[in-house]
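[1] Pasting the sequence and the predicted coordinates here, then a few questions.
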Amino acid sequence: MSDPRPQLALREWRRHLLHPLTLTALTAVSAVLCLIGPFGTLSSLSLVPRIAYWTLLTFAGYTTGYLVSYAVLRPSQSGVAHLMRIQVAGGLTGCAMIGLVTVLNWLVFGAAPFGDGTLTLAGTTLVISVIVMVVLDLFTRHLSPAPANVPQTVPLLDRLPLDKRGRLIAISVEDHYVRVRTTKGEEMILMRLADAIREVGATPGAQVHRSHWAAFDQVNAVTRDSDRAVLQMTNGGDIPVSRRHIPTIKEAGLLPR
């Protein structure tokens, strides 16, 4: 069995990292840190090593924070529970960054250069990490695609009863009908699979079998069966993947390449 969540996390991280807004923000932060040279780096490092030092820490900090937030935070939560998760995520990120700074300083300076200020640095890093986690949480929500249950973005949902218009999970052929499965139920519609697929809008997914289409964000796990595979969906029955469509789910990050 292959758990697609790590691959999906890395895919989302690449999407966010390569977003122009992300690159601009991280580059600006690196430039400011390089110019002011916090923690004595202005006097102890020349320009080029200082640029490399703070650029590495900035991008490593973003990556660590993003992956921790992906694992800990739940976009559907709000209120006190979500604030507590942000603090936990910030603390975990801060601990990871303290370790990274320690290792990097050892490599660059030959030792941790802060002496008695180490505890102060650790505390400052933890506080900054929590603040950055709050900003990252807001930023991630801003960059995330609109919920897939908005009817006007998925024309196929207009064909369903109002009480069944949820996020698309799968579409399957049954005789001359297609069974449309959503997070709020399922419905049989008289139409061809190819026509139904054309109406999924921006929903991330693909045809994985001559009789089935599956939404990638609704896959819980993948089981490999010789030269075929089976997608375990969040709700309802499993979806088979034929041999010719194995490259499709590999490209989506659901199976190792």
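    Ah, there it is. Just so it is clear, the structure is predicted and the values come from calculations on it, not from any experiment. Numbers count the residues shown, from 1 in each chain.
[2] Okay, buried residues for the longest helix that the chain contains please.
    Scanning the chain for the longest helix, with DSSP state H as the assignment, gives helix 79-109. Residues 85-86, 89-98, 100-102, 105, 108 are the ones in helix 79-109 that count as buried (16 or more other C-beta atoms under 10 Å). Where C-beta positions appear, they are placed from N, C-alpha and C, glycine not excepted.
[3] where do the strands sit along this protein?
    Using DSSP state E, the strands of the chain run over 168-174, 177-182, 185-190, 205-209, 212-215, 219-225, 228-233, 239-241.
[4] where among those strands is the average confidence lowest?
    In terms of average pLDDT, strand 219-225 trails the rest of these, at a mean of 88.
[5] For that strand, buried residues please.
    Under the neighbour-count criterion of 16+ other C-beta under 10 Å, strand 219-225 has 219, 222 buried.
[6] That one to strand 168-174, inter-axis angle?
    Angle of strand 219-225 versus strand 168-174, following axes from the mean of the first three to the mean of the last three C-alpha atoms, to 10 degrees, is 50 degrees.
[7] show me where pLDDT drops low in the stretch 1-150 of the chain?
    Within the stretch 1-150 of the chain, the stretches with pLDDT under 70 are 1-13, 15-16, 70, 72-82, 111-118, 121, 128, 131-150.
[8] Excluding covalently adjacent residues, which one is nearest to T55?
    Nearest residue to T55, sequence neighbours excluded (C-beta to C-beta, 6 or more residues apart in numbering): S30, at 4.5 Å.
[9] what's the neighbour count on that neighbour?
    19 (other C-beta atoms under 10 Å).
[10] these two touch, right, P155 and I197?
    No: with contact defined as C-beta atoms under 8 Å, P155 does not reach I197; the gap is 11.2 Å.
[11] Name the residue in these two with the higher neighbour count.
    Neighbours per residue (other C-beta under 10 Å) separate P155 from I197, with I197 holding more: 16 against 13.
[12] Tell me the spacing between the closest residue to the more buried one other than its chain neighbours and A202.
    Counting by C-beta to C-beta, 6+ apart, I197 lies nearest to W213, which is 5.3 Å off, once chain neighbours are set aside. As for W213, its distance to A202 is 14 Å (criterion: C-beta to C-beta, to the nearest Å).
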